[in-house]
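Colleague: Everything below, folded, please.
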Amino acid sequence: MTDPGSSVSRRTMLAAALVGGSAAAASLAGAPAAQARPGLQPGGKSFTLTVLGTTDLHNNVLNWDYFKDVPYTDAAGNRIGIAQASTLIKAMRAERGAGNCLTLDAGDTIQGTPLAYYYAKVKPASGTVKHPMALAMNEVGYDAVALGNHEFNYGIPLLRTWESQLDFPLLGANVRDVASGRRAFTPYVLKRIDTGNGWVTVGLVGLVTPGCALWDRDNVHGRLDFNGIVEEAKLVIPEVRAAGADVVIVSSHSGATPGSSYGDALPFPENASTQLAEDVPGIDAILVGHAHIEIPERFVLNKATGKQVLLTEPLKWGMRVSVMDLVLAKERGRWSVTSASSHLLDAKTAEADPAVVSAVQAGHDATVKYVNTVIGTSTADLNTATACWSDSPAIDAINYVQATTIKAELAGGPASQLPVLSIAAAFSRTVDVKAGPLTIRDVAGLYIFDNTLLSIKVDGALVKDYLEWSARYFKAVSTITVAPQDLTNAPTSMAPAGTPDYNYDVVYGLDAPLTYDIDVARPVGERIINLSYGGASIGPGQEFALAINNYRQSGGGNFPGVKEAPLLSNSQQEIRQRIIDYVLATGTLDPAVFSQQNWRLVVNGEPLTVTA
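Modeller: Below you'll find the model as predicted:
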C-alpha cells in the first residue's frame, strides 16, 4: 500500500478502493463532484458532512480464516476484518478532514468467529480482560455502534461488559427493560461538528431488528422487550430533533428488503429499513445492516415529507466501508441536508491498520492456539468423497448434531412431542477427517459455511416434496452401473450449468430412522419411493420438527414449502459451533452413535453402483 501520509497516495488508494458510483470515483480521482468536496464551501453557503459506516463485522478483526489456519480468501478476492476497514476509514478522514467525518457501525459485532467464542466462553471479557472488538473499535475511533441481534448470543452480562469497554455509545432505541419499561440502552447521541460557519448538530440513532426476542429468547425473555423499528422510530426521531439535531442518521440493524424469516411470529417485521425511510419523517440517511448485502447507494421517498432518504449497506465482515456525503445548507441559522450521495470502498485494496493489529495481536494468537487444540477423538475416518451418491457417516454426523440440538431446544415446549428430522448436504467432496485426535479446526471442517440452525414444523407430504426437489440433482440413469459425472449435478432451469453439490440434501431421522430410495430411472418429481419412518410408510399428514439451516429455510435452493412452514425455534447459533460443542461435551465423533443407512440410489428398484 502507498504511504497513507501522502494526500496524493491517499487519493489514489481511495479511488482504487471505490465500489460503484462514477461521480464519487471522479471526486476521489481528483475531479471533485460537488457533493464530495470536504468541509465548508467557498462563501460558507454549504458544508459537506461525511459519514463512514461498517456493519456485520461478526468479530472479524484480522484477515484470517481460523478454521483453515490461513489468511482469508474467497473467489472474489475479498479481504475481511476491521483492521482492513480501519485503513480505509483513516485515509478517508485524512482526505475529507477528520473534523468533517463521523464513523458508525450497524451491529452484529461480537459474534461470528472463534475469536469471539474465545472471549465469550474460554477467556470471557471482564473487568481485567479486554474484548478484542472493544480494543479494535476504540483504536478506529467510532462515534457510535448500533446493537445487532447477535450481540445477545452470549448473554446480557457479556454484552454489558463489552459495552463498558467502548469509548463511544452502544445504541439501541427500541430495546426496553421489562421491569422498568425504560430504554435499556442509549437511544441516540448528539455530535457537534464545527463547520467553520457555526456548529451543526448531528443525531445518531440506533435500532435493532425485533427478531432478537425470538432468536435469543433464553437470554432476553423476561428481561428485555424489543419494539418494532418503525414504531420506535416514530417516538425517538422527534425526540432527537427536539434535542437540537439538524441532521439525523439512523444505524439500523434491519435489512432493506421487506420481510421476516419468522413470518408472523412477532407483530413487527424483521427487515424494516425501507419502511423506516418511507414512514418516519425526519431521517436524512440510514446505515443498513443485518442482510449481508451491498447497497452502494439507494434512495427511498418519505411519504410524509416527499424527501429522499439515503440508504447504504457495506456488505459484511469489514469487506466494505460505506461513505455517505451529506451536503448541508444553512438557512435562518439552522443547517439542513440539501443533497446526499454514497458509495462503498473495498477492503481488498488496503493493508491492515498496524495500530489495530497491534491492539488485538495477543488475542488473535491465543485464538489460533485454541483452534489447533485437540478436543477429542474420531473413532473412524469421516470423509465426503462419495457422499453425493451414497449415505455418508460424515453427513450423518452433521444431521445428528443438528437434530439433537433442536430436540433439546424444543424440550418442554408445545412442539416437544414432535419427532425430529434433519437435513444436510455435502458442501464439499474433499472433507477428510482421519481417525484419531481431533482439533477444533478438524471438527469445524465438517461444516464449512457460517449457516445458523433453526427448526420448522413439516408434515409427511412436505418431506416427500422436499426429497423430490433434492433428487433433481441426479441425471436420469437407465443402467445399474454409472460414473459420477454421468449421475450428479444435473442441469435444471434454476441451474443450467448443473445443480451444485450443496443443493443436494439428505434427510435424517433422530428418534427413529427415516429411510427412502431414490429411483433415478424415474422422471423428476416421481423418484422417491419406499419413504418410511420407523419402518412404517409416512402419512401425508404426519407431523415432524425439521432441523434446517438458515440458508435453506430462507429460500436458498428454492426448496418447496420451507419458507412458509411454521417456525419452531431459531436460536441463530452457528451449526459449525454446535458440532464443536458436541465434541467438547462427548469427547468423540463415533459413527456407531449417529451413522444410519437412510437412503440409497436405485434404477427401476435395483441398487445402483457408482464407479469412481
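
Colleague: Name the next helix or strand following the lowest-mean-pLDDT helix or strand in the chain along the chain.
Modeller: The helix or strand of the chain with the poorest confidence is helix 22-28; it has a mean of 32 (mean pLDDT, DSSP states H and E). Going down the chain from helix 22-28, the next helix or strand is strand 39-40, by DSSP states H and E.

Colleague: where do the helices sit along the stretch 401-550 of the chain?
Modeller: 440-444, 460-470, 550-553 (DSSP state H, counting those that start in this stretch).

Colleague: what's the most buried one of these?
Modeller: Highest mean neighbour count of these: helix 440-444, a mean of 23 (counted as mean count of other C-beta atoms under 10 Å). Yep, even glycine has a C-beta here, placed from its N, CA and C like the rest.

Colleague: Now do that helix: which elements does it pack against?
Modeller: Applying 3 or more C-beta pairs under 8 Å, 6 or more residues apart in numbering; DSSP states H and E, one finds that helix 440-444 contacts helix 354-371, strand 374-378, helix 575-586.

Colleague: do that again at 10 Å, thanks
Modeller: The helices and strands touching helix 440-444, judged by 3 or more C-beta pairs under 10 Å, 6 or more residues apart in numbering; DSSP states H and E, are helix 114-117, helix 354-371, strand 374-378, strand 432-433, helix 575-586.

Colleague: can you list contacts of it?
Modeller: With contacts defined as C-beta atoms under 10 Å, 6 or more residues apart in numbering, helix 440-444 is touched by 65-69, 114, 117, 368, 370-376, 378, 382, 397, 401, 431-434, 436, 574, 576-577, 579-584, 589.

Colleague: Restricting to C-alpha, output it in PDB.
Modeller: In PDB, the C-alpha atoms belonging to helix 440-444 read as follows (Å, rounded to 0.1, in the frame of the first residue of the first chain):
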ATOM      1  CA  ILE A 440     -11.300 -27.800  16.700                       C
ATOM      2  CA  ARG A 441     -10.300 -27.000  13.100                       C
ATOM      3  CA  ASP A 442     -10.800 -30.600  12.100                       C
ATOM      4  CA  VAL A 443     -14.300 -30.700  13.500                       C
ATOM      5  CA  ALA A 444     -15.200 -27.400  12.000                       C
END
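
Colleague: any idea of the mean pLDDT in it?
Modeller: For helix 440-444, the mean per-residue pLDDT is 86.

Colleague: List the contacts of L40.
Modeller: Each residue near L40 by C-beta under 10 Å, 6+ apart is listed here: 46-48, 97, 100, 194-197, 328, 330.

Colleague: Show me which of those residues is closest to Y154.
Modeller: Closest approach to Y154 among the contacts of L40 (C-beta to C-beta): N100, at 36.5 Å.

Colleague: so what's the closest one closest to, chain neighbours aside?
Modeller: Using C-beta to C-beta, 6 or more residues apart in numbering and skipping residues adjacent in sequence, the residue nearest N100 is G39, 4.9 Å away.

Colleague: Now for the one you found, how many residues are close by?
Modeller: Counted with other C-beta atoms under 10 Å, residues neighbouring G39 total 18.

Colleague: need the contact list for it.
Modeller: 46-50, 96-97, 99-101, 193-196.

Colleague: so W335 makes contact with V247?
Modeller: Yes - at 6.9 Å, W335 and V247 qualify as touching, with contact defined as C-beta atoms under 10 Å.

Colleague: Quick check: neighbours shared by these two?
Modeller: Common neighbours of W335 and V247 (C-beta under 10 Å, 6+ apart) are 49, 193, 200-202, 326, 328.

Colleague: top of these by neighbour count?
Modeller: Neighbour-wise, the shared contacts of W335 and V247 (other C-beta under 10 Å) top out at L49, 28 neighbours.

Colleague: Distance-wise, check that residue relative to G198.
Modeller: Look at L49 and G198: by C-beta to C-beta, to the nearest Å, they are 13 Å apart.

Colleague: which residues in the stretch 251-400 of the chain form helices?
Modeller: For the stretch 251-400 of the chain, the helices defined by DSSP H, counting those that start in this stretch cover 273-279, 354-371, 393-410.

Colleague: Would you mind saying which of those helices lies nearest T73?
Modeller: Counting by C-beta to C-beta, T73 lies closest to helix 354-371 out of those; the figure is 16.9 Å.

Colleague: The closest one - contacts with which helices or strands?
Modeller: Packing contacts for helix 354-371, counted by 3+ C-beta pairs under 10 Å, 6+ apart, involve strand 64-65, helix 82-96, helix 114-117, helix 132-140, helix 440-444.

Colleague: Quick one: distance of that helix to the chain centre.
Modeller: Helix 354-371 sits 23 Å away from the centroid of its parent chain (C-alpha atoms, centre = their mean, to the nearest Å).

Colleague: closest one to F226 among the helices of the stretch 251-400 of the chain?
Modeller: Of all the helices of the stretch 251-400 of the chain, helix 273-279 sits nearest to F226, with 14.9 Å by C-beta to C-beta.

Colleague: Put the alpha carbons of the closest one into PDB.
Modeller: Below are the C-alpha coordinates for helix 273-279, written out as PDB (Å, rounded to 0.1, in the frame of the first residue of the first chain):
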ATOM      1  CA  SER A 273     -35.200  -0.200   6.900                       C
ATOM      2  CA  THR A 274     -37.000   0.700   3.700                       C
ATOM      3  CA  GLN A 275     -40.300   1.100   5.700                       C
ATOM      4  CA  LEU A 276     -38.400   3.200   8.200                       C
ATOM      5  CA  ALA A 277     -37.300   5.600   5.400                       C
ATOM      6  CA  GLU A 278     -40.800   5.700   3.900                       C
ATOM      7  CA  ASP A 279     -42.900   6.100   7.100                       C
END
